[in-house]
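Asker: based on what follows, work out the 3D shape:
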Amino acid sequence: MAIPIAHVLTYFLGLTRILAMIVHIPMIAGRLVPNLVKVGVGILLAITILPPATLEHVEMMNTFLELTIAIGREILIGSLVGFGATLTFGAVQITGEIIGLGSGFSAAHILNPIFGTSDTITNQFFGMVSGLLFLVINGHLLFLMAVRQTFDILPLNQPLPSLSLDRLIALAGDLITTGVHLALPVLAALLLTDITLGLLARLAPQIQVFFLGLPLKLSVTLISLALTLGFLFPALGDIFRTLGPRSLGLLGY
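Answerer: Here you go, the predicted model:
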């Protein structure tokens, strides 16, 4: 049975958009996932979630230039949606970085297997916890639903919507604020510890506050994290549940 060339090009464009989106999700096709696996996952998703009606409404591309422009358009759309997901995980990384900077854990950097980068211990902890929570609440399925919705609100080989830099700036600002808010309980405990150490240094100058403060702040950080996990897990769950709408918002929807 002969397959029309238009159908092949349609699936190729859909595969291009899907790959540009899923490479930003560490648990689906992150940096540590082999490229062959990424392509295989993208092909499977293109066959599974690409709307059949799309095959009948994609305009035929007659020249190589038109095909190149169409591919670039799909890469841009997929990258915007994927960048929204990257910003979501970036909020979690900001929380880990802020806590590590204030507690002293930032002095040691180790490989983070979730994001494939060298991070602090607290950043790695938040990365692993957020990755497990993302899978537990079926965040990967919620993101794939958003991937599917992009083909409904913005069909293949169609003019780009009006993109606004304000939406991107507002989203980045909101997620940075969220990351800081998640770190506030631990930062408050560390601030009280610093104030206590400052008063102790004034009252008893002979005490080596610097050598006393490092293990004390590490202990306070661990205890504070243990006490605030009940607050952090629901907050992270809410962030991941809105990952799809947040990513689609960059397209103006």
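Asker: where do the helices of the stretch 151-253 of the chain begin and end?
Answerer: Taking DSSP state H, counting those that start in this stretch, the helices of the stretch 151-253 of the chain run over residues 165-203, 209-241, 243-249.
Asker: buried residues, the first one. List them.
Answerer: The reference is to helix 165-203. 168, 171, 175, 178-179, 182-183, 185-187, 189-190, 193, 197, 201 (16 or more other CB atoms under 10 Å). Glycine gets a C-beta too; all of them are placed from N, C-alpha and C.
Asker: what residue ranges in the stretch 101-250 of the chain score low on pLDDT?
Answerer: 104-119, 163 (pLDDT under 70).
Asker: again, only using 80
Answerer: Counting by pLDDT under 80, the ranges of the stretch 101-250 of the chain that qualify are 101-124, 127, 155-168, 171, 200-215, 244, 247-250.
Asker: can you put the helices of the stretch 151-253 of the chain in a markdown table and add distance to residue 14?
Answerer: Converted to a markdown table, the helices of the stretch 151-253 of the chain look like this (distance: least, CB to CB, whole Å):
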| stretch | distance to residue 14 |
| --- | --- |
| helix 165-203 | 24 |
| helix 209-241 | 25 |
| helix 243-249 | 17 |
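Asker: out of those, which gets nearest to residue 19?
Answerer: Checking the helices of the stretch 151-253 of the chain against residue 19 by CB to CB gives helix 243-249 as the closest, at 15.2 Å.
Asker: run through the neighbouring helices and strands of the closest one.
Answerer: Helix 243-249 sits against helix 64-103, helix 139-153, helix 165-203, with contacts defined as 3 or more CB pairs under 8 Å, 6 or more residues apart in numbering; DSSP states H and E.
Asker: for that helix, give me every contacting residue.
Answerer: Outside helix 243-249, the residues that touch it by CB atoms under 8 Å, 6 or more residues apart in numbering are 21, 80-85, 87-88, 139, 142-143, 145-146, 149-150, 153, 167, 171.
Asker: any of these buried? List them.
Answerer: By neighbour count, with 16+ other CB under 10 Å, these hold 21, 80-85, 87-88, 139, 142-143, 146, 149-150, 171 as buried.
Asker: before we move on, back to that, out of the helices of the stretch 151-253 of the chain, which gets nearest to residue 158?
Answerer: Among those, helix 243-249 sits nearest to residue 158 (CB to CB), with 15.5 Å.
Asker: the closest one: how far from the chain's middle?
Answerer: 11 Å (CA atoms, centre = their mean, to the nearest Å).
Asker: in it, what's buried?
Answerer: 243, 244, 246, 247, 248, 249.
Asker: let's have these in JSON lines, adding distance to residue 227.
Answerer: Output for the buried residues of helix 243-249, formatted as JSON lines (distance: CB to CB, whole Å):
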{"residue": "243", "distance to residue 227": "27"}
{"residue": "244", "distance to residue 227": "31"}
{"residue": "246", "distance to residue 227": "29"}
{"residue": "247", "distance to residue 227": "32"}
{"residue": "248", "distance to residue 227": "36"}
{"residue": "249", "distance to residue 227": "34"}
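Asker: what's the closest of those residues to residue 135?
Answerer: So of the buried residues of helix 243-249, ranked by how close each gets to residue 135 (CB to CB), first place is residue 243, at 12.9 Å.
Asker: could you measure from that closest one over to residue 217?
Answerer: For residue 243, the distance to residue 217 equals 33 Å [CB to CB, to the nearest Å].
Asker: next one: residue 239
Answerer: On the measure of CB to CB, residue 239 and residue 217 end up 27 Å apart.
Asker: between these two, which one's more packed in?
Answerer: Neighbour count, other CB atoms under 10 Å: between residue 239 and residue 217, residue 239 has more, with 22 against 19.
Asker: returning to what we had before: residue 226 is nearest to which of the helices and strands packed on helix 243-249?
Answerer: helix 165-203 (10.4 Å).
Asker: helix 64-103 and the closest one, what's the angle between them?
Answerer: Note on geometry: by axes from the mean of the first three to the mean of the last three CA atoms, to 10 degrees, helix 165-203 and helix 64-103 are set 20 degrees apart in direction.
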